[in-house]
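[1] just need the structure, nothing else, for what follows:
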Amino acid sequence: MFRNNLLDITVDPAPYGTHSFRRGGCQWLYTCCRWGLRRICDWGGWSTEFSNLTIVKYLISYADEPCERREDYMNPNRPPTIKCLSCGRTCHCI
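    Reported below is the predicted structural model:
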């Protein structure tokens, strides 16, 4: 199914595996759909005991670019955010 979906949008499926699908799905459900960790774990078939957070491997990667500088987390003087054309939220991902 995943390969067929990629072919439908004219993307070569050769470099992608089910890990890409699960990781992308987790990130999309968490970021765009605002699902909680427990619900994502249930969807992915992972344990919800949270003693071993397998889900973190799917949500965060060393290759991810941070959307916001750490210094700006609580900075009241940071520039205002604007509505994101991609996700529709007010965020710093632009």
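
[2] ok, the residue nearest the centre of the chain - contacts?
    Among the residues of the chain, the one closest to the centroid is Q27, at 1.9 Å (Cα atoms, centre = their mean). When contacts are counted by Cβ atoms under 8 Å, 6 or more residues apart in numbering, Q27 touches 58-59. In short, each C-beta sits where N, CA and C put it, glycine included.

[3] again with K57
    Neighbours of K57 in contact, by Cβ under 8 Å, 6+ apart: none.

[4] which parts of whatever helix or strand it lives in are buried?
    If you go by DSSP states H and E, K57 is part of helix 54-59. For helix 54-59, burial by neighbour count (16 or more other Cβ atoms under 10 Å) applies to 55, 58-59.

[5] output that helix as CSV, nothing but the C-alphas.
    Extracted C-alpha coordinates of helix 54-59, given in CSV (Å, rounded to 0.1, in the frame of the first residue of the first chain):
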residue,chain,number,x,y,z
THR,A,54,10.3,3.6,21.7
ILE,A,55,7.9,6.3,20.4
VAL,A,56,10.6,9.0,20.9
LYS,A,57,12.8,7.4,18.2
TYR,A,58,9.9,8.0,15.8
LEU,A,59,9.1,11.6,16.9
